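Novice: Can you look at this prediction? I've put the sequence above it.
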Amino acid sequence: MNNQFIQSIIIDWNRIESGSYLRNIEAIKDLDRLTFDSPVTFFVGENGSGKSTLLEAIAAAYGFNPEGGTRNYCFSTYDSHSNLYEAIRIVKGYRRVKWGYFLRAESFYNVATMEEEYSDSQHPSAKLHEKSHGESFLDTAQRHLRPDGLYFLDEPEAALSLNRQLTLLIKIHECAKKGAQFIIATHSPILLGLPEAEILTFDDGLIHPCEYEETDSYQVTEMFVHYRKQLLKRLLEDDT
């Protein structure tokens, strides 16, 4: 046993309806168990590959609100999450989680609204709606990411500039060195470059580890940077 808060997850597919769309997601339809060995685990894959679906389900199974926030957040703006979380059993480590947060770009506006409603004199609001989307998103990460915490991040790069992604990478690295665990779904070649993180790809119909240089995020970015003119010429000429 390592010292991660979540050692592994087990999925009981008998609790999922036979006609559920979850059974048609190639990467997860045959998944019975997934183990977490690293303080930082990245989920990568094409849109629709199931990485955010699984991330959301693990977070919900652990007790986080599906739309995001801490485990104290209890609201529902739009019930869009799957029932996969009901079939997940989490195998926990020996350490107790001291803090946690589910940060997702898709529903961050709703979380920012609830943050104001939940505030009081003892817990003043950060006034997230008075800041730009990127500023409020990074501010939330910097305030809530702490040592010995458990964190789920769903495509955090969507709200951040490249420089701010580097800032977030540093924060994740610092917290992971001090006992935090992260499970992150991302397309960012910057975040994926975090040293010693485990990268699990959802492509090719099976969740499996891959190297940084094997990810589409890296390969497409490298190709665009080094062969931008040739690539755009071919793509745009083909388009016409």
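Specialist: In hand now; what should we look at? Computed from a prediction, not measured in an experiment: that's the story for all the values here.

Novice: so which helix or strand takes in residue 43?
Specialist: Residue 43 is part of strand 40-44 when elements are defined by DSSP states H and E.

Novice: residues making contact with that strand?
Specialist: Residues outside strand 40-44 that contact it (C-beta atoms under 8 Å, 6 or more residues apart in numbering) are 51-52, 54-55, 172, 176, 181-187, 191-192, 194, 196-203, 210, 215-217. Glycine gets a C-beta too; all of them are placed from N, C-alpha and C.

Novice: That strand pairs with which strands, parallel or anti?
Specialist: Its sheet considered, strand 40-44 pairs with strand 181-185 (parallel), strand 198-201 (parallel) by DSSP bridges.

Novice: just the ones you listed: most buried one?
Specialist: strand 181-185 (a mean of 25; mean count of other C-beta atoms under 10 Å).

Novice: moving C-terminal of the lowest-mean-pLDDT helix or strand in the chain, what's the next helix or strand?
Specialist: The weakest-scoring helix or strand in the chain, judged by mean pLDDT, DSSP states H and E, is helix 108-118 (a mean of 56). Per DSSP H and E, helix 108-118 leads on to helix 133-144 as the next helix or strand towards the C-terminus.

Novice: Show me what that next one is packed against.
Specialist: Other elements packing on helix 133-144 under the criterion 3 or more C-beta pairs under 8 Å, 6 or more residues apart in numbering; DSSP states H and E are strand 99-104, helix 108-118, helix 162-177.

Novice: centre of the chain versus stretch 85-104, how much separation?
Specialist: From the chain centre to the centre of stretch 85-104 is a distance of 13 Å (C-alpha atoms, centre = their mean, to the nearest Å).

Novice: what's the answer for stretch 52-59, then?
Specialist: 8 Å.

Novice: Not including adjacent chain positions, what is the nearest residue to residue 86?
Specialist: residue 15 (5.8 Å; C-beta to C-beta, 6 or more residues apart in numbering).

Novice: looking at it, that neighbour is touching residue 85, isn't it?
Specialist: No: the pair residue 15 / residue 85 is not scored as a contact, 10.1 Å apart, by C-beta atoms under 8 Å.

Novice: More neighbours: which of those two?
Specialist: residue 85 (19 against 12; other C-beta atoms under 10 Å).
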